[in-house]
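Undergrad: 3D, please:
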Amino acid sequence: MELFNVYSLYPVEPVRGQGSYVYDREGREYLDLYGGHAVISIGHAHPHYVKLISEQVARLGFYSNSVENSLQQQLADRLGQLSGYDDYRLFLCNSGAEANENALKLASFATGREQVLCFKKAFHGRTSGAVAATDNPKINAPFNRTDKVEFVPLNDVEAVREKLSTRRFAAVMVEGIQGVAGIHCPTDEFLRALREIATETGTMLILDEIQSGYGRSGRFFAHQQSGIRPDLITMAKGMGNGFPVGGVLIAPYLEAWPGMLGTTFGGNHLACAAAIAVLDVMREEKFVENAAEVGAYLIEELKQIPQLKEVRGRGLMIGFEIEGSASELRKRLLFEKGIFTGGAGVSTVRLLPALGITKDQADHFLTAFKSLL
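TA: The predicted structure follows:
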């Protein structure tokens, strides 16, 4: 049986990882500045992470959500403390797309409305509702297309006001930082206006922090830079450091009832152990602060390189535009310099390293990158 083609594959197979490095079968070392689509938050094979998962699977790997699971409350308590959202409620699921599906459903339940407002270049996932809210017709099958989702340009306050003033929309959904689009940040002023307009029109504000959350921007959630509080916040990727886990933070004033949302695997024992370990390490090793510090250093150093057309991002969520093909540059970085990076479109390179990356590792990348230019 052949595998179904998903991505164009590099002829490299990492078989082992440690911190910000991965190693192939021949033992070659690669500096990982992509973290498998921003998933590796606390680094590969962190000892505390390995310990908690190993101990949990030896006790109990899984039981359904029809019984109590105290690990879920432990996770919720830690997440509330670190994120500053301890008055919100947590729904646990398995992925970012699933988190967005459930957030959209909650917003529709809460408002009784059917439509959703999203933004140009948005990416919210590949399941039915999430892909309908994604501005990419190449991955939106005829089955998924709907007139219930509309798109306006990011950072265009008047376009948002015009749409939401009709009071047709259950939710407006925005990424804390647009990732797949190539690292585009909503301005703080725009997010504040978005919060104000959503409140005025009875529209739920959903912040998709699946890629931009969990410390990556230098704040726990990227939107916290603006000082707003959304109605719903979606999470995944770095939440489990590679173990599939996602979640929705739900404002305390939103009603819920048993059976409104459901999941078989969401919040299972192993997923909770992984997510608890991530939060433990982030707190003890001050990874959010490190993301802010090393990320600011990387961005400033990249801005000094005259060959780059533009540098965007916050913290360790960085995109930069080059002349020519980003794909070719990324191949050279990988095969000539042993550095994994990400891409977006024709000319954007993305950096999404583990939050514990050091300044020395950042300098290693900068030296290698400049040598190729």
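Undergrad: which positions within stretch 321-341 qualify as buried?
TA: 321-322, 326, 329-330, 333-334, 337-341 (16 or more other Cβ atoms under 10 Å). For the C-beta atoms, the positions are set from N, CA and C on the backbone; glycine is no exception.
Undergrad: do stretch 79-94 as well
TA: 79-80, 82-83, 85, 88, 90-94.
Undergrad: go through these and flag which are in strands.
TA: Counting by DSSP state E, the buried residues of stretch 79-94 place 90-93 in strands.
Undergrad: biggest strand in this structure, by residue count?
TA: Max-length strand for the chain by DSSP E is strand 169-175.
Undergrad: partner strands of that strand, parallel or antiparallel?
TA: Here strand 169-175 is paired, per DSSP bridges, with strand 115-119 (parallel), strand 204-208 (parallel).
Undergrad: what are the ranges of the helices in the stretch 1-150 of the chain?
TA: For the stretch 1-150 of the chain, the helices defined by DSSP state H, counting those that start in this stretch occupy 35-38, 47-59, 70-83, 96-111, 128-132.
Undergrad: which residue lies nearest the spatial centre of this protein?
TA: By Cα atoms, centre = their mean, the chain has its centre lying nearest to Gln211, at 1.2 Å.
Undergrad: just say helix, strand or coil for that residue.
TA: The local conformation at Gln211, judged by DSSP: H, G, I helix; E, B strand; the rest coil, is coil.
Undergrad: so who does the residue nearest to it when sequence neighbours are not counted touch?
TA: If the residues on either side of it in the chain are set aside, Gln211 comes closest to Gly179, at 3.9 Å by Cβ to Cβ, 6 or more residues apart in numbering. For Gly179, the contact set (Cβ atoms under 8 Å, 6 or more residues apart in numbering) comprises 38, 123, 211-212, 317, 344, 350, 352.
Undergrad: and Gly179, how far is that from Ala222?
TA: 10 Å (Cβ to Cβ, to the nearest Å).
Undergrad: can you list residues touching both of the two?
TA: Contact criterion Cβ under 8 Å, 6+ apart; residues shared by Gly179 and Ala222: 212, 317.
Undergrad: neighbours of Thr201, how many?
TA: 18 (other Cβ atoms under 10 Å).
Undergrad: should've said Val346
TA: 12.
Undergrad: can you tell me the SS state at it?
TA: Assigned state for Val346: coil (three-state reduction, three-state DSSP).
Undergrad: for it, what are its contacts?
TA: Applying Cβ under 8 Å, 6+ apart to Val346 gives the contacts 325-327.
Undergrad: ok, the residues you listed vs Leu249, which is closest?
TA: Checking the contacts of Val346 against Leu249 with Cβ to Cβ, the nearest one is Ala326 at 33.7 Å.
Undergrad: what sits against that closest one?
TA: If a contact means Cβ under 8 Å, 6+ apart, then Ala326 has 343-349 as its contacts.
Undergrad: from Leu316, how far out is the closest residue to Asp280 other than its chain neighbours?
TA: Excluding the flanking residues, the one nearest Asp280 by Cβ to Cβ, 6+ apart is His48, at 6.0 Å. Per Cβ to Cβ, His48 is found 20 Å from Leu316.
Undergrad: go on, Leu92?
TA: Taken as Cβ to Cβ, the span from Leu92 to Leu316 is 25 Å.
Undergrad: Leu298 too?
TA: 8 Å.
Undergrad: between the two, which contacts overlap?
TA: Joint contacts of Leu298 and Leu316 (Cβ under 8 Å, 6+ apart) are Leu351.
Undergrad: okay, these two: which has more neighbours?
TA: Leu316 (31 against 25).
Undergrad: for the more buried one, give me its contacts.
TA: Counting by Cβ under 8 Å, 6+ apart, Leu316 touches 216-218, 291, 294-295, 298, 351-353, 355, 357.
Undergrad: quick check: pLDDT value at it.
TA: We have a pLDDT of 98 for Leu316.
Undergrad: could you do the one 3 residues further on as well?
TA: As summarised for this prediction, Gly319 has a pLDDT of 97.
Undergrad: so it sits in a strand?
TA: Yes - checked against three-state DSSP, Gly319 lies within a strand.
Undergrad: so how far is His184 from it?
TA: Taken as Cβ to Cβ, the span from Gly319 to His184 is 8 Å.
Undergrad: where does pLDDT dip in the stretch 51-200 of the chain?
TA: Residues of the stretch 51-200 of the chain meeting the criterion pLDDT under 70: none.
Undergrad: for the stretch 151-300 of the chain, which segments are assigned as helices?
TA: So, for the stretch 151-300 of the chain - with DSSP H, counting those that start in this stretch - the helices run 157-164, 188-201, 269-284, 287-303.
Undergrad: let's have the ones you listed in JSON lines, adding distance to Phe243.
TA: Shown next, in JSON lines, are the helices of the stretch 151-300 of the chain (distance: least, Cβ to Cβ, whole Å):
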{"stretch": "helix 157-164", "distance to Phe243": "36"}
{"stretch": "helix 188-201", "distance to Phe243": "30"}
{"stretch": "helix 269-284", "distance to Phe243": "4"}
{"stretch": "helix 287-303", "distance to Phe243": "17"}
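Undergrad: closest to Gly238 out of these?
TA: Across the helices of the stretch 151-300 of the chain, Gly238 has its closest neighbour in helix 269-284 (7.1 Å, Cβ to Cβ).
Undergrad: next, the buried residues of the closest one.
TA: The neighbour-count check on helix 269-284 (16+ other Cβ under 10 Å) flags 269-282 as buried.
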